[in-house]
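Visitor: quick one, fold the following:
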Amino acid sequence: MISIKEVAKHCGVSVATVSKALNGYSDISEDTKEKIIKAANELGYFPNSLARALKTNKSYNIGVIYNDDTESGLSHEYFGAILQSFKVCVEKSGYDVTFINNTIGDKKVSYLDHCKYRSLDGVFIASLVSDNIDVIQLANSDIPVVTIDHKFNNKSAVFSDNISGIRDLVNYIYSMGHRRIAFIHGQYTSVTQNRLISFYKTLEEYGVSIKDEYVRKGAFHDPKITAELTRKILDLPSRPSCIMFPDDFSAVGGINVIHERGLKIPRDISVVGYDGILLSRVLSPKLTTYKQDTKMLGQRAAEQLIKHIEKPKTTLPETIVVKGELQIGNSVGELL
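Guide: The predicted model follows:
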């Protein structure tokens, strides 16, 4: 590995001058600074992480808490894409990523203790149970924290615009002539709450009343539960003309049930999903859905967390909302 002394020798300057150039000091000329930075890049110089940590009092290591009830891990399309975007963004800024949990070896510890053990500069909470005591303890600590789709007091959070997402889907379904619209939603979280409010509010603006039996509590990323609820909806004396599923992956369970009943999509019944994952584009017929901007969600979370780490005295907690876009497929038929 190239040392700072070798960079200095290559450029014909002192080690102090190289250090100033690489750390952005203004008491050397721009020409010298550019020459040193260019040489350091060409030689493949990387600052010693231990020395950098001692100098800056930072570990350049960011923790990630990712709890997935469905046990899909990083194969979960929505969270996996957000985490990948987050990882790319923080690594460009010189940080490493460490996944943390409630254990160190075989010893049970809190999230906060694990963060202290790893000397983490900040934590990104990608998914969580909002009433988890360990998570609340961490969120109330002095460690910078940014969350996705959940807000803690005095902490920054990044949300997908679920209100607009459901509104856009309902507007499109209504424009296609549908008035009997069922909604299988996910677990009761802030995400679900926003989606339900948007669902009822949008239909109320159209003067459409929805039967209680058309709205069913399901689960995110769970085709089996969605299939069971779809059967119950299809068994209703007056079945809906369109079913909204909690997400694209869960939609597969409902779609399979519809096919088992000998019904055709969208001729006999229409369906829509949510998320806009790759699966939605390869299903037949192509699924109408709302594509969440997972790349931007991960990027904004990374940018905000780094601001809290590097500029703690001037960075205020923010609630950042990221819009997605309606992705029209062939799963919603037009009613005459």
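
Visitor: with adjacent residues omitted, what lies nearest to Val208?
Guide: Excluding the flanking residues, the one nearest Val208 by CB to CB, 6 or more residues apart in numbering is Arg179, at 5.5 Å. Just so you know, the C-beta spots here come from the backbone N, C-alpha and C atoms, and that holds for glycine as well.

Visitor: hang on, that neighbour in a strand?
Guide: No. The secondary structure assignment for Arg179 gives coil rather than a strand, going by DSSP: H, G, I helix; E, B strand; the rest coil.

Visitor: phi, psi of it?
Guide: Dihedral pair for Arg179: phi -130, psi -20, per degrees, to the nearest 10.

Visitor: then Ile184?
Guide: In this entry, Ile184 is assigned phi and psi values of phi -90, psi 110 (degrees, to the nearest 10).

Visitor: okay, now the residue nearest to Val208: neighbour count?
Guide: Neighbouring residues of Arg179 were enumerated by other CB atoms under 10 Å; the total is 16.

Visitor: tell me how far it lies from Leu120.
Guide: From Arg179 across to Leu120, the span is 52 Å (CB to CB, to the nearest Å).

Visitor: shouldn't Ser14 be in contact with Ile4?
Guide: No. In this structure, Ser14 is not within contact of Ile4 by CB atoms under 8 Å, at 10.4 Å.

Visitor: compare neighbour counts for the two and give me the winner.
Guide: Neighbour comparison, Ser14 and Ile4: the larger count goes to Ile4, with 17 against 11 (by other CB under 10 Å).

Visitor: can you list the domains in the chain?
Guide: By the assignment in automatic domain parsing, the chain contains the domains 4-47, 61-159+295-323, 162-292.

Visitor: how far off centre is the shortest one?
Guide: A distance of 38 Å separates the C-alpha centroid of domain 4-47 from that of its chain, computed with CA atoms, centre = their mean, to the nearest Å.

Visitor: quick check: closest non-adjacent residue to Tyr290.
Guide: Closest residue to Tyr290 apart from its sequence neighbours, by CB to CB, 6+ apart: Gly165 at 4.2 Å.

Visitor: these two touch, right, that neighbour and Arg195?
Guide: Yes. Contact criterion CB under 8 Å: Gly165 and Arg195 qualify, at 7.4 Å.

Visitor: could you list the low-pLDDT ranges of the stretch 151-300 of the chain?
Guide: Within the stretch 151-300 of the chain, the set of residues satisfying pLDDT under 70 is empty.

Visitor: report the beta-bridge partners for Met125.
Guide: Residue 125: Ile, not Met. Per DSSP bridges, residues listed as beta-bridge partners of Ile125: Ile65, Thr147.

Visitor: any idea how far it lies from Arg231?
Guide: Ile125 sits 36 Å away from Arg231, going by CB to CB.

Visitor: between those two, tell me which one has more neighbours.
Guide: Here Ile125 and Arg231 are compared on neighbour count by other CB under 10 Å; more neighbours surround Ile125, at 26 against 15.

Visitor: contacting residues around the more buried one?
Guide: Remark: with contacts taken as CB atoms under 8 Å, 6 or more residues apart in numbering, Ile125 is in contact with Ile65, Val135, Leu138, Ala139, Val145, Val146, Thr147, Ile148, His150.

Visitor: switch the residues you listed over to CSV; also include pLDDT.
Guide: Formatted as CSV, the contacts of Ile125 follow (pLDDT from 0 to 100):
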residue, pLDDT
Ile65, 90
Val135, 87
Leu138, 90
Ala139, 88
Val145, 95
Val146, 96
Thr147, 94
Ile148, 92
His150, 87
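
Visitor: any idea which of those is closest to Lys311?
Guide: Proximity to Lys311 was ranked across the contacts of Ile125 by CB to CB; first place goes to Val146, at 13.9 Å.

Visitor: surely the closest one touches Val158?
Guide: Yes. Under the criterion of CB under 8 Å, Val146 makes contact with Val158 at 6.7 Å.

Visitor: any common contacting residues for these two?
Guide: Ala301, Gln304.

Visitor: all helices for this protein, in order.
Guide: Under the criterion DSSP state H, the chain contains helices at 4-11, 15-22, 30-43, 49-56, 77-92, 111-117, 133-139, 162-175, 190-205, 223-234, 248-260, 278-282, 294-310.

Visitor: quick one: which of those is nearest Tyr214?
Guide: Taking CB to CB as the measure, the helices of the chain were each checked against Tyr214, and helix 223-234 came out nearest at 7.1 Å.

Visitor: by contact count, what packs against the closest one?
Guide: Counting contacts by 3 or more CB pairs under 8 Å, 6 or more residues apart in numbering; DSSP states H and E, helix 223-234 packs against strand 181-185, strand 215-217, helix 248-260.
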